[in-house]
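> only the shape, not the letters, is given here:
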């Protein structure tokens, strides 16, 4: 290892900067891609929950409508 | 609201703060390395990613033991998510290390270097975890077989680490050991902060992943209760716990 580093001395800032930036950008890119996938899944879940909520409201409306004529007949 | 969502906001804020602090320490506090100069800054992202991913793989094995002991589905979910997140982190660590190798050694990859190759073997080993789960249709068997796999491979991680440490040829830099390594104090502080930040990021993303999966399961359960079994689209095969 020591011999390898001796052959490869410290890179000047202008040359090293792009490698350091590259390593950190790769990390941030992976994070962004992951968060993007998670956001897509969340959107899908929200759509499905919204759909279920509408279905539940529709069902409740139908049940109320079915109960009303019955109570009118009793009166 | 599921159990995984608890403390999620606090954890997210703590992670964001720790990541910002660690980046500030790395670039404005830790001194330049005498040998490598500015390029050594990659060390503060590459090593924490590698350490956290390896711990995550081993943790997957520990959660799998808990699953086999209790039979509770949540442990299987934890084991699956830990391995899933570790794979993502290990790819990050591998790419960052490769960039560092190119800058320092002039090569993207050195096949004669035991640390690099053994790390790659661990990653490739865990890459087969998802296909293994996917190939088993029955959820019960899928969880059990995956747990056994996670335990065996999780045990391989520390063994592999020790064997590489004991190997005679060292090409990969050794900056850490049981005595604290040869890092100066300021570098060590920045490094440990980075490890903590990456570990917190791992825990936060793992919790988000589990919360998303639990929500999906709850939504399906709700749909079934509302509309009956016929309203559910067939699940199809999935590597994730059902």
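In hand now; what should we look at? Note that the coordinates shown come from a computational prediction; the quantities given were computed from them, not determined experimentally.
> phi, psi for the residue nearest the centre of chain B please.
For chain B, residue B:86 is the residue whose C-alpha lies nearest the centre (Cα atoms, centre = their mean; 2.1 Å). Here is the backbone geometry of residue B:86 (degrees, to the nearest 10): phi -60, psi -40.
> check it and give its pLDDT.
Listed pLDDT for residue B:86 reads 96.
> next: residue B:97.
At residue B:97, pLDDT is 92.
> excluding sequence neighbours, find me the nearest residue to it.
Using Cβ to Cβ, 6 or more residues apart in numbering or on different chains and skipping residues adjacent in sequence, the residue nearest residue B:97 is residue B:46, 4.7 Å away. C-beta: built from backbone N, CA, C; applies to glycine.
> and the host helix or strand of the one you found, what other elements does it pack with?
Secondary structure from DSSP states H and E places residue B:46 in helix B:43-70. Contact analysis of helix B:43-70 by 3 or more Cβ pairs under 8 Å, 6 or more residues apart in numbering or on different chains; DSSP states H and E lists helix A:13-74, helix B:73-105, helix B:114-127, helix B:139-166, helix B:185-227 as its packing neighbours.
> and those as JSON lines, adding distance to residue B:64?
Putting the helices and strands packed on helix B:43-70 into JSON lines (distance: least, Cβ to Cβ, whole Å) gives the following:
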{"stretch": "helix A:13-74", "distance to residue B:64": "23"}
{"stretch": "helix B:73-105", "distance to residue B:64": "4"}
{"stretch": "helix B:114-127", "distance to residue B:64": "12"}
{"stretch": "helix B:139-166", "distance to residue B:64": "4"}
{"stretch": "helix B:185-227", "distance to residue B:64": "15"}
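> lowest average pLDDT across those helices?
Sorting those by mean pLDDT places helix A:13-74 lowest, at a mean of 85.
> helices or strands up against it?
Checking 3+ Cβ pairs under 8 Å, 6+ apart, helix A:13-74 ends up next to helix B:43-70, helix B:73-105, helix B:185-227.
> number of residues surrounding residue 60?
Chain wasn't specified; assuming chain A. Applying other Cβ atoms under 10 Å in any protein chain shown, we find 10 residues neighbouring residue A:60.
> please refer instead to chain B.
Neighbour count of residue B:60, defined by other Cβ under 10 Å: 29.
> thinking it is in contact with residue B:156, fair?
No. Using Cβ atoms under 8 Å, residue B:60 is not in contact with residue B:156, being 11.6 Å away.
> report the set of residues contacting both of these two.
Common neighbours of residue B:60 and residue B:156 are not found (criterion: Cβ atoms under 8 Å, 6 or more residues apart in numbering or on different chains).
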